[in-house]
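Asker: Sequence and predicted structure below; questions after.
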Amino acid sequence: MRIFSGIQPTGKLHIGNYVGAIKQWLELQLKHKCLFCIVDLHAITIPYDPKNFQEVIFQKAVEYLACGINPEKSIIFVQSYVKEHTELTWLLNTITPMGDLSRMTQFKEKSKQFKKIVGAGLFNYPILMAADILLYQTDIVPVGKDQQQHVELARTLARAFNRKFGKTFRVPELMLPKLGAKIMSLQNPKQKMSKSIPRSCLFLVDEPNVIREKIMTAVTDPGKEIVYDLKRKPGISNLLTIYSLFSEMPIKKLEEDFKGRGYKELKKSLVKVLVQSLEPIRRKRKELLKREVYVQEVLNQGAKKAQVIAQSTMTEVRKKMGLV
Ligand code: AMP
Ligand code: TRP
C-alpha cells in the first residue's frame, strides 16, 4: 500500500503533530511504501519570512529524521522540488466546486485569523493538498482530525475526475489515530493544540525545565478525581491521553494507578514520562543539525524518487484531459 502525508514548515513540531501524524508514520513505514512531504507551498498561504524560509524547511527535515522517519525506508521530500504538485493543482482547480472550498473549517478559521490578507491561495489550499495525495496514487493518508475534511475533498475530487475523464486516480482513505487525533491546548483544553498559539503547545524540542513548567501549569478541571471524562474533565482527559500515548499504558490502567492521588502527582509523573520519551528526539536533533550536507542529500534523493511517481501520474492525467 502507498502512504502519503505532510506537515507544513511553520514553527516547531508539537506533541499534537507527533501523536496525530508522526507516531502513525513510524509504524506505517515498517510495512508500506511511504512518502512524507514538507509542504512548503502550503506554508506560503499565510504570512511568512522568505529570508529564513529555507532554514525553516531544513529544520523541519531535521525534525522528521530525529523522530525516526527513516530515509532508507521512506521518501522524505520538499513539495516545491517536485513541480508536478503545482501542475496537478491547476488541473484539479477546474473540477473543484467553489462551494466545497468555502465550507472548509480550516479556511474559515484562518481567514478570520489573517483578516487583512486572505489570498486565493488560502482558499485553494485544499486543492493543493488533494494534488499532493492523488499524484502518488495514495491508498492511505495518516493525519490528525483537523485534516479530515481536506482528505474528504481529495476523495471527492478523485471520484469526480475518474467519472469525467476515465479511471485515473486511486481514491485515498483517511487514517486517524485511535487515540490522540486531537490533542488539546495545555492552556485551554477546549481548544486544539496549535502552532499558531505557541503557548498552547508542548514542543518536541522543549528542554526538561520547559516541559516541567508547561505541564505543571497546564489548566485542569474542578474536583480532585483523576478520570477520563471529556465533558466534565477536558483538562485531565487531555493529560491522560498524552500520558497514555507516551507511556503506552492504557487510560484505564492510569485511572487505577492514580486513584486517590491528586492532579499534582499525575502531572509530576507525566513530566517524567515526557522528559524521558522526548530525550532521544532532542539528542538526535542536535546531532543532525550539524549534518547539513547529509540532510540536504536526503531531500534531494527523496525529490528524485517522488518525481518518478509524480511524472508517471501526470503523463496519464494529461492524456486523459486531452492535453497532449
Ligand atoms: P500542521 O502543523 O497543521 O501542518 O499539521 C501537521 C499534522 O499534525 C497534521 O496531520 C495534523 O492533523 C496534525 N495535528 C496538528 N495539530 C494536532 C493536534 N492538536 N492533535 C493531533 N494532531 C494534530
Ligand atoms: N494541510 C496539512 C496540514 O496542515 C498538511 C498537508 C499538506 C498534508 N498536504 C498534505 C497532509 C497531504 C496529508 C496529505 O496539516
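Answerer: All right, it came through fine. Numbers count the residues shown, from 1 in each chain. Ligands and ions are numbered 1, 2, ... in the order given.
Asker: interface residues of the stretch 101-250 of the chain facing ligand 2?
Answerer: Residues of the stretch 101-250 of the chain found near ligand 2 (CB under 6 Å from any ligand atom) are 129, 132, 133, 141, 143, 147, 150. For every residue, glycine as well, the C-beta is placed using N, CA and C.
Asker: Most neighbours out of the residues you listed, which is it?
Answerer: Counting neighbours by other CB atoms under 10 Å, residue 132 leads those with 28 neighbours.
Asker: residue contacts, it?
Answerer: 4, 6, 37, 39, 79, 85 (CB atoms under 8 Å, 6 or more residues apart in numbering).
Asker: The fifth one contacts residue 39, correct?
Answerer: Yes - using CB atoms under 8 Å, residue 79 is in contact with residue 39, at 4.7 Å.
Asker: can you list residues touching both of those two?
Answerer: 6, 132.
Asker: thinking again about what came up before, quick check on the contacts of residue 132: which are buried?
Answerer: 4, 6, 37, 39, 79, 85 (16 or more other CB atoms under 10 Å).
Asker: Now those residues in a markdown table, please, with extra columns for pLDDT, distance to ligand 2 and secondary structure.
Answerer: A markdown table is the format used below for the buried ones among the contacts of residue 132 (pLDDT from 0 to 100; distance: CB to the nearest ligand atom, whole Å; DSSP: H, G, I helix; E, B strand; the rest coil):
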| residue | pLDDT | distance to ligand 2 | secondary structure |
| --- | --- | --- | --- |
| 4 | 98 | 5 | strand |
| 6 | 97 | 4 | strand |
| 37 | 98 | 6 | strand |
| 39 | 98 | 4 | coil |
| 79 | 98 | 7 | helix |
| 85 | 98 | 9 | helix |
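Asker: would you turn these into a markdown table with distance to residue 159?
Answerer: Rendered in a markdown table, the data for those read as follows (distance: CB to CB, whole Å):
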| residue | distance to residue 159 |
| --- | --- |
| 4 | 18 |
| 6 | 22 |
| 37 | 23 |
| 39 | 23 |
| 79 | 24 |
| 85 | 20 |
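Asker: Just name the closest of those residues to residue 222, please.
Answerer: When those are ranked by distance to residue 222 (CB to CB), residue 6 comes first, at 39.6 Å.
Asker: sec struct for residue 174, please.
Answerer: Here residue 174 takes the strand state, with states given by DSSP: H, G, I helix; E, B strand; the rest coil.
Asker: Isn't it up against residue 144?
Answerer: No - contact status for residue 174 versus residue 144: not in contact, 10.6 Å apart, counting by CB under 8 Å.
Asker: Which one of those two is surrounded by more residues?
Answerer: A direct count of neighbours by other CB under 10 Å for residue 174 and residue 144 places residue 144 higher, at 21 against 17.
Asker: That one reaches residue 16, doesn't it?
Answerer: Yes - taking contacts as CB under 8 Å, residue 144 lies within contact range of residue 16: 6.7 Å.
Asker: and for those two, which residues touch both?
Answerer: 182, 183.
Asker: interface residues of the stretch 101-250 of the chain facing ligand 1?
Answerer: Residues of the stretch 101-250 of the chain lying near ligand 1 (CB under 6 Å from any ligand atom): 143, 144, 146, 147, 181, 182, 183, 192, 193, 195.
Asker: Tell me the one of the residues you listed nearest ligand 1?
Answerer: Checking these against ligand 1 by CB to the nearest ligand atom gives residue 144 as the nearest, at 2.5 Å.
Asker: Once you drop chain neighbours, what's closest to the closest one?
Answerer: Of all residues not flanking residue 144 in the chain, residue 20 sits nearest, at 2.8 Å (CB to CB, 6 or more residues apart in numbering).
Asker: just checking, the one you found touches residue 183?
Answerer: Yes - using CB under 8 Å, residue 20 is in contact with residue 183, at 6.7 Å.
Asker: Could you tell me which residues touch both of those two?
Answerer: residue 144.
Asker: before we move on, back to that, what sits against the residue nearest to residue 144?
Answerer: Residue 20 touches 143, 144, 145, 146, 177, 180, 181, 182, 183, counting by CB under 8 Å, 6+ apart.
Asker: Let's see which of the residues you listed end up in strands.
Answerer: Members of those lying in strands (criterion: DSSP state E): none.
Asker: For the least confident helix or strand in the chain by mean pLDDT, report the contacting residues that lie outside it.
Answerer: Least confident helix or strand, the chain: helix 105-113 with a mean of 89, by mean pLDDT, DSSP states H and E. For helix 105-113, contacts defined as CB under 8 Å, 6+ apart pick out 46, 101, 118, 122, 123, 125, 126, 146, 149, 150, 196.
Asker: and of those residues, the nearest to ligand 1?
Answerer: residue 146 (4.7 Å).
Asker: okay, that closest one: pLDDT?
Answerer: The model reports residue 146 with a pLDDT of 93.
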